[in-house]
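# pasting the sequence and the predicted model now:
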Amino acid sequence: MNNEAIVARDVTKTYKMGEVEVNALRGVSFTIARGEYVAIMGPSGSGKSTLMNLLGCLDRPSTGHYILDGIDVGTLDDNALAAIRLKKLGFVFQGFNLLARTNAIKNVALPLFYAGISARERNQAAERRLVEVGLADRGHHKPNELSGGQQQRVAIARALVNDPAVLLADEPTGNLDSQTSEELMALFEHLNAAGRTIIMVTHDADVARHARRTIKLKDGLIVSDESAVPA
């Protein structure tokens, strides 16, 4: 099997705002191997949100190539993009995005519902993922019965339930206090140690230092790409 989870080759993204063209990404190239843990950083307007949308198959590059788990995303139509998001990617957001009236098991199982998996298999898979994130005893709790950190763990379990090729986390600790953030970062490190490929967009240097590699963007270009020196 190819060891490359993600390949970006000269990726650009240009938006038209009326008569004005905005070059959000201006030729970005990098490779992320399976099992890597990468932080993407950059100031507001650097292109990191645009890059996250491309990596998450929510958009396509204007030019260049984005290859996810061996598939050239730029060649896909909207239905195929939706299918690859469901099969290949897990998403963790700053705001958790849980269904308020639904317990943790059903929240975690939701992607499998859309994938057409039976209820019994969905629930079993969801329970396994809740064990993986340390919430084995919270499966029947609704979001309002869980702390913020526990809600984000449910969201991480949901992101893992389809066994994605890549876990994408967008400011995952943005709504959490510093102690809870550290606990969440320890969980991400544990998942990475177990072989998960993780890409995290963050503006927080304390969060980014948990990653094994940091890619920094500015004005739509990569200005640095550094791997952490093992302690």
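Now that the structure is in, tell me what you want to look at.

# and the gap between the nearest residue to residue 147 once chain neighbours are set aside and residue 153?
In this structure, residue 147 finds its nearest non-sequential neighbour in residue 180, 7.5 Å apart by Cβ to Cβ, 6 or more residues apart in numbering. Just so you know, the C-beta spots here come from the backbone N, C-alpha and C atoms, and that holds for glycine as well. According to Cβ to Cβ, to the nearest Å, residue 180 stands 10 Å off from residue 153.

# what about the two, which has more around it?
residue 153 (27 against 17; other Cβ atoms under 10 Å).

# the more buried one in helix, strand or coil?
helix (DSSP: H, G, I helix; E, B strand; the rest coil).

# residue numbering should commence at 14 henceforth.
All right, first residue 14 from here; so that's residue 166.

# let me see the contact set for it.
146-148, 197, 200 (Cβ atoms under 8 Å, 6 or more residues apart in numbering).

# and the helices in this protein, which stretches?
Per DSSP state H, the chain carries helices over the ranges 61-68, 91-101, 117-127, 132-145, 161-173, 191-206, 218-221.

# and the third one with helix 161-173, angle?
Read it as helix 117-127. 20 degrees (axes from the mean of the first three to the mean of the last three Cα atoms, to 10 degrees).

# so what does helix 117-127 touch, helix or strand wise?
Judged by 3 or more Cβ pairs under 8 Å, 6 or more residues apart in numbering; DSSP states H and E, helix 117-127 is in contact with helix 132-145, helix 161-173.

# now it and helix 132-145, what's the angle there?
Using the same axes, to 10 degrees, helix 117-127 lies at 130 degrees relative to helix 132-145.

# swap in the fifth one?
Taking the same axes, to 10 degrees, helix 161-173 and helix 132-145 form an angle of 130 degrees between their directions.

# CA atoms of helix 161-173 as PDB?
What follows is helix 161-173, C-alpha atoms only, in PDB (Å, rounded to 0.1, in the frame of the first residue of the first chain):
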ATOM      1  CA  GLY A 161     -17.300  20.400  27.200                       C
ATOM      2  CA  GLY A 162     -14.300  18.100  27.200                       C
ATOM      3  CA  GLN A 163     -16.600  15.000  27.100                       C
ATOM      4  CA  GLN A 164     -18.600  16.500  24.300                       C
ATOM      5  CA  GLN A 165     -15.500  17.000  22.300                       C
ATOM      6  CA  ARG A 166     -14.500  13.400  23.000                       C
ATOM      7  CA  VAL A 167     -17.900  12.300  21.700                       C
ATOM      8  CA  ALA A 168     -17.200  14.300  18.500                       C
ATOM      9  CA  ILE A 169     -13.700  12.700  18.200                       C
ATOM     10  CA  ALA A 170     -15.400   9.200  18.500                       C
ATOM     11  CA  ARG A 171     -17.800  10.200  15.800                       C
ATOM     12  CA  ALA A 172     -14.900  11.300  13.600                       C
ATOM     13  CA  LEU A 173     -13.300   7.900  14.100                       C
END
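
# what inclination does it have with respect to helix 191-206?
Using the same axes, to 10 degrees: helix 161-173 against helix 191-206 is 20 degrees.
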